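Trainee: coords please:
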Amino acid sequence: MSLFPNYHRAPVTFISAKNATWVDDHNQTYSDLSSGIGVYNVGANNPEVLTALTDQAANIWHVPNLYQNPLQETVAQKLGGDTYTTYFANSGAEANEAAIKLARLATGKSTIISFSNSFHGRTYAAMAATGQDSIHAGLPMLAGFKYATFNDINSLQALINDDVAAIMLELIQGEGGVIPAEPEFVAALVKLAHDNNILIIVDEVQTGIGRTGKKFAFENYDFEPDIFTSAKGLANGVPVGAMLAKNKLAPALAYGTHGSTFGGNPLSMAAASATLTVLEGLLPELEAKITLFWQKLSEFNTLASVTSVHGLGMMAGITLNIPVNRVVSDLLSEHIIVLSAGNNTLRLLPPLTISTEQLLKSLDQIKYYLS
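Mentor: I've put the predicted structure just below:
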């Protein structure tokens, strides 16, 4: 055995991809409604990102964080403007680890409140912040984490005390079943946090970089978090993570408190910068596609196999009363790439750049299968 058995891999090998079409080693094409688990937000093999990568690769691939890296400054400005200070990592889990550390350093408090069915990563603190017993199974968890019920402000209120450093949440729980936060819940959460001098951490690893129709999901809820994280779609397939915090919190992550060998390397920064430029031009045109997406998805509510349809932007969950893993496997056999999520949910994360024709055709195929 050459690889650990920690993944269930489908019996297909992909060798190339362009936008929302993937090609296997038998030259068969597939329609991608997964974005590689929310990574190819601006489409696989995006030409602008490819050019940025190849141009950078011709010069220098790696510069440690012992030296200046102007590309980091460029991407940080595109991400957080003048309001936020940025730290670069290699993944969403690492970005969330940095967010947890910063919240504790900045406040001098220990407790992080997150939510049931949340997912923040599989490194140790991120795993402890994840509110799923299945993720914790067989392992001792780090202290200092409590879990409220998502969309239940009374449950959150009951956990508030003087040792709470931060409330950490996804505004749409992706792995937990594509469940959006209710606007009234978020408004009450923000007030509760502000009234009690508690930081708000928003995990934008899956919901960011245009996935909900805005650059970040919190823009849909009309507030600014104290800290937020990004990864997945940030460099459109090149590994990168980012933790952003309000400028006043920046001194808490002082010299020697945190670091990364590869975080923010020139290749990832070139790809991220190009991705964010593409996204800036894409966002104004996205609303019409999102409208069509949800108009088509509304038809799924009439299907006997469908319990509910929910989500936001180009992020949808279809909860089923038939086994979702079988559906994912069968649809792959029909050359449509989809995902599963918690609570027997079919998860759709199509590239934001998918053509309207390909999107609607793929949804019709899924609807036909579920009928």
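Trainee: Run through the helices of the protein in chain order.
Mentor: 35-38, 47-57, 70-80, 92-107, 124-129, 133-136, 153-157, 183-195, 266-282, 286-298, 324-333, 356-370 (DSSP state H).
Trainee: what about stretch 171-186, how long is it end to end?
Mentor: Using Cα to Cα, to the nearest Å, the end-to-end distance of stretch 171-186 comes out at 8 Å.
Trainee: how about it: buried residues?
Mentor: Within stretch 171-186, the residues scored as buried using 16 or more other Cβ atoms under 10 Å are 171-181, 185-186. To be clear about C-beta, it is placed using only N, CA and C from the backbone, and glycine gets the same treatment.
Trainee: what do you get for stretch 302-320?
Mentor: The neighbour-count check on stretch 302-320 (16+ other Cβ under 10 Å) flags 303, 306, 309-320 as buried.
Trainee: end to end, how far does that stretch reach?
Mentor: 12 Å.
Trainee: Residue 284: how many residues sit nearby?
Mentor: Residue 284 has 8 neighbours, counted by other Cβ atoms under 10 Å.
Trainee: And the one 4 residues further on, by the same measure?
Mentor: One way to gauge burial is a neighbour count; for residue 288, by other Cβ under 10 Å, it gives 10.
Trainee: again, but for residue 105
Mentor: Neighbour number of residue 105 under other Cβ under 10 Å is 17.
Trainee: where's the helix or strand of the chain with the lowest mean pLDDT relative to the chain centroid, distance-wise?
Mentor: The weakest-scoring helix or strand in the chain, judged by mean pLDDT, DSSP states H and E, is helix 133-136 (a mean of 94). Here the centre of helix 133-136 is set off from its chain's centre by 19 Å, with Cα atoms, centre = their mean, to the nearest Å.
Trainee: Who are the contact partners of residue 242?
Mentor: 75, 76, 79, 86, 87, 88, 89, 95, 229, 230, 231, 234 (Cβ atoms under 8 Å, 6 or more residues apart in numbering).
Trainee: In strands only, show me the buried residues of stretch 171-186.
Mentor: With strands taken from DSSP state E, the overlap with those comprises 172, 173, 179, 180.
Trainee: that older thread, ok, of the buried residues of stretch 171-186, which one's closest to residue 55?
Mentor: residue 174 (32.7 Å; Cβ to Cβ).
Trainee: doesn't residue 311 make contact with that closest one?
Mentor: No: when contacts are counted by Cβ atoms under 8 Å, residue 174 is not listed as touching residue 311 (9.4 Å).
Trainee: quick revisit: among the buried residues of stretch 302-320, find me the one that's closest to residue 113.
Mentor: Of the buried residues of stretch 302-320, the one sitting nearest to residue 113 (Cβ to Cβ) turns out to be residue 312, at 22.8 Å.
Trainee: Show me what that closest one is bridged to.
Mentor: Residues in a beta bridge with residue 312, per DSSP bridges, are residue 315.
Trainee: Now do the same contact list for it.
Mentor: Contacts of residue 312 (Cβ under 8 Å, 6+ apart): 172, 180, 212, 213, 217, 220.
Trainee: which of those residues sit farthest apart?
Mentor: Maximum distance among these (Cβ to Cβ): 12.2 Å, for 180 and 213.
Trainee: Who's the closest spatial neighbour of residue 121, skipping the chain neighbours?
Mentor: Residue nearest to residue 121 in three dimensions, not counting chain neighbours: residue 93, with 2.8 Å by Cβ to Cβ, 6 or more residues apart in numbering.
Trainee: so that neighbour touches residue 122, yeah?
Mentor: Yes: using Cβ under 8 Å, residue 93 makes contact with residue 122 at a distance of 6.1 Å.
Trainee: Look at those two and report which has more neighbours.
Mentor: It is residue 93, of residue 93 and residue 122, that has more neighbours when counted by other Cβ under 10 Å, with 24 against 12.
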